[in-house]
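K.L.:
Pasting the sequence and the predicted coordinates here, then a few questions.
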Amino acid sequence: MSAIALPSRGSTSLRTWIANPWRRHRLLALWTWCYLAWAIVPVVIAIGFSFNAGRSRSVWQGWSLRWWVGDPDLSVLHDPTLTSAIRQSLVLALATMAIATPIGVALALGLARWRGRGSGAANFLMLLPLVTPEIVLATGLFFTLVFLYPLPRPGTLGQIAGHVTWSIPYVVVVLRGRIFGVGSELEEAAMDLGAPPLDALRRALLPVLSPAIFAAFSIVFALSIDDFVTSQFLATDLRTQTVPMLIYSAGRTAPNPALNATATLMLAISLGALGLGAAGMSRLARRRGIEAEPADVASLRL
Amino acid sequence: MDPLADPVPADVPAAQRPVKEPTPASGDRRFCPGRGGGCYRPRGMAVARRRRPAEGSLTFLYPRGFWRWAATPGLVWLVALFVVPFYAIVSMAGGSLDPATGTAVPQWNPAWWDRASFRYVLEQLLAPDGVYHVVLLRTLRYVAAAVLLCLVIGYPVAYHVARLRGRRRTVALVLLVLPFWISYLMRMLAWVGLLNDEGLVNRILVFLGILQEPYPWLEGKSVTVILGLVYGYVPFLILPLYAALDRISDAMLEAAWDLGASSFGTFVRVTLPLSKQGILAGVAIIMLPMFGDFYTAYLLSGGRPDTAMIGNAVQSLLFETTFGYAQARGAALVTLLALFVSVLTLYYIVSTARTTREAAGA
């Protein structure tokens, strides 16, 4: 076995050092942390410019809250275009959350447990929106709502309908992992003790799924608040303009950092919802004695 | 069971992979509350073949058709607002002019579809002097360049984070998923501020003496749009890559080392093949939205035609005017785009379904 030289720590041979897979990868570490800085720092700078004292979004002129609350016409607090966009984004996100999550949870349960003719096709159909470019779905919804259905029309209702369609598969994906993990023992026990099926579902299964349901709520919220293409294609007038649409239309021409402040506010709300979701999830999980899954919330935005 | 097979779907992160618990053999049903006098096998249920005791037994507990009814609202919604819209796109593409208004209206009956819009768009896409030909080639070029750059940037990051342990790993993971929670448009807005004539990038480059005067990054430069695409989509590639790389056990690398492979050899012959699934899934995930992207090019080049992508062409056909065949042609272009990406889509679905099946059946 002399051909394989096991490298020891502190070996001086460069060749061994390079070949040693357990050495500390300084270059890789540098690359990784540079990437992470590159991914985050530009946004931090943009947030910083929302506190700029001057009109520029690129040249720093000192701290001020002018574009948040100070300016009587142009600040986030006072410009009706900005407040209306923020309100519209929130309305869409809350409505989407309220509609998409229950439908998605029921669909996830159904798809996980329904074995019979059609279930394969149903699973396939559920996956399709995840892998359809959003521009295709938004175009189709636009034509459908304009030419085919009497309700919902494009506008707020149409935007909600679009966001829900877009969100349902994400809810299913989040719930599916959990449902497979839980199995059926709890419900079997409940029914053994005499619970009718619906009670077993409501009082034995749903509590165990509640952390995942919580995660689904915050993911749907974030999806809707960040959505751009669907909102844009189904918008009708300025009242249906959301914050991402505002950034799209004013990003190049905005005369002052109030736009940065608006975007920052939405980011804060989005992260707040994430924090709330994660906190609620782990609380629920602790109370029910289930292992918490922070990854549920954090990483399922694919 | 092949030990190298990928047991978990790419979209399930490492931390929540289903924990396999010892389950009774498929025939063993200790709890079968008497519904019609014991356990029976419903029509079409191949219990033994599927080997899914956990879910299989639930069929006996709940009323017949219960789960199908639970799935119904969601499925109806998806049919009404996802499947029908696909049909609406094709119907619009096959639509003809309404003589009263001079605008295109959809033709719902396939027998009367007008193929003129399709023919027009196809010609303009494929003929060397077509309006959309240059846009199509540019889109393919941009997407290819952006995906390659994403891989070059993202693979080492995913690899390194998958090898991290403890607190560093947690910090790195949080930072990796943070961009997911920042609106895409806001991330582009950040770069608009940085790449201005008086923005930080130009000032640094001039200060360092690399540039004599500010470079007009935002005035229709391909490099800006490609880098914008990379910046926007690379987080979506890194996560599936990370999930795939995290699944490779250290034992595998140790075995390669014990058998005499060099560091490079281990990477090329063990790590890379084992992460192939993650690479392909990640590339599919970022390519799909890139082909429909119009906002990156718009924000980072001010809507100039010299950096327009297919998405921009669709957007302007649909919303700049409703007069004449514009919207029908937009619909035809979307149809062709959907057909084109459906190759990617199908591949992704098939591979996800395979890994899910393996996870459930293994």
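P.N.:
Sure thing, it's come through.
K.L.:
can you tell me the helix or strand for the residue nearest to the spatial centre of chain B?
P.N.:
Per CA atoms, centre = their mean, the C-alpha nearest to the average position across chain B is that of residue B:285, at 2.4 Å. Residue B:285 belongs to helix B:276-291 when elements are defined using DSSP states H and E.
K.L.:
The nearest residue to residue B:269 once chain neighbours are set aside: neighbour count?
P.N.:
Counting by CB to CB, 6 or more residues apart in numbering or on different chains, the nearest residue to residue B:269 once its immediate chain neighbours are dropped is residue B:261, at 6.5 Å. In short, each C-beta sits where N, CA and C put it, glycine included. When neighbours are defined as other CB atoms under 10 Å in any protein chain shown, residue B:261 has 19 of them.
K.L.:
wait, isn't residue B:261 in contact with residue B:252?
P.N.:
No - with contact defined as CB atoms under 8 Å, residue B:261 does not reach residue B:252; the gap is 10.9 Å.
K.L.:
what is in contact with those two at once?
P.N.:
Taking CB atoms under 8 Å, 6 or more residues apart in numbering or on different chains as the contact definition, residue B:261 and residue B:252 share the neighbouring residues residue B:270.
K.L.:
Give me the distance from the helix holding residue B:285 to the chain's centre.
P.N.:
Taking CA atoms, centre = their mean, to the nearest Å, one finds the center of helix B:276-291 at 6 Å from the center of the full chain.
K.L.:
Kindly format the C-alpha coordinates of that helix as CSV.
P.N.:
The C-alpha coordinates for helix B:276-291 follow below in CSV (Å, rounded to 0.1, in the frame of the first residue of the first chain):
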residue,chain,number,x,y,z
LYS,B,276,-25.3,15.9,-12.6
GLN,B,277,-29.0,15.8,-11.6
GLY,B,278,-28.7,18.9,-9.5
ILE,B,279,-26.9,20.8,-12.4
LEU,B,280,-29.5,19.8,-14.9
ALA,B,281,-32.4,20.7,-12.6
GLY,B,282,-30.9,24.0,-11.7
VAL,B,283,-30.1,24.9,-15.3
ALA,B,284,-33.7,24.1,-16.3
ILE,B,285,-35.0,26.1,-13.4
ILE,B,286,-33.1,29.3,-14.4
MET,B,287,-33.5,28.9,-18.2
LEU,B,288,-37.3,28.7,-18.1
PRO,B,289,-37.8,32.2,-16.7
MET,B,290,-34.9,33.6,-18.6
PHE,B,291,-36.5,32.9,-21.9
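K.L.:
Can you check which helix is longest in chain A?
P.N.:
Counting residues, the longest helix found in chain A (DSSP state H) is helix A:80-113.
K.L.:
rewinding a little: with adjacent residues omitted, what lies nearest to the residue nearest to the centre of chain B?
P.N.:
Residue nearest to residue B:285 in three dimensions, not counting chain neighbours: residue B:236, with 5.5 Å by CB to CB, 6+ apart.
K.L.:
Check which residues of the helix or strand harbouring that neighbour are buried.
P.N.:
Take DSSP H and E as the rule and residue B:236 turns out to sit in helix B:222-247. Within helix B:222-247, the residues that qualify as buried are B:224-247, counting by 16 or more other CB atoms under 10 Å in any protein chain shown.
K.L.:
where are the low-confidence patches of the stretch 51-200 of chain A?
P.N.:
Across the stretch 51-200 of chain A, no stretch falls below the confidence threshold (pLDDT under 70).
K.L.:
Point to the helix or strand of chain B where mean pLDDT is at its lowest.
P.N.:
Confidence across the helices and strands of chain B bottoms out at helix B:47-50, with a mean of 42, counting by mean pLDDT, DSSP states H and E.
K.L.:
Touching, residue A:165 and residue A:138? I think so.
P.N.:
No - between residue A:165 and residue A:138 no contact is recorded; they are 9.9 Å apart, counting by CB under 8 Å.
K.L.:
neighbour-wise, which of the two wins?
P.N.:
More crowded of residue A:165 and residue A:138, by other CB under 10 Å: residue A:138, with 27 against 23.
K.L.:
No further queries at this time; thank you.
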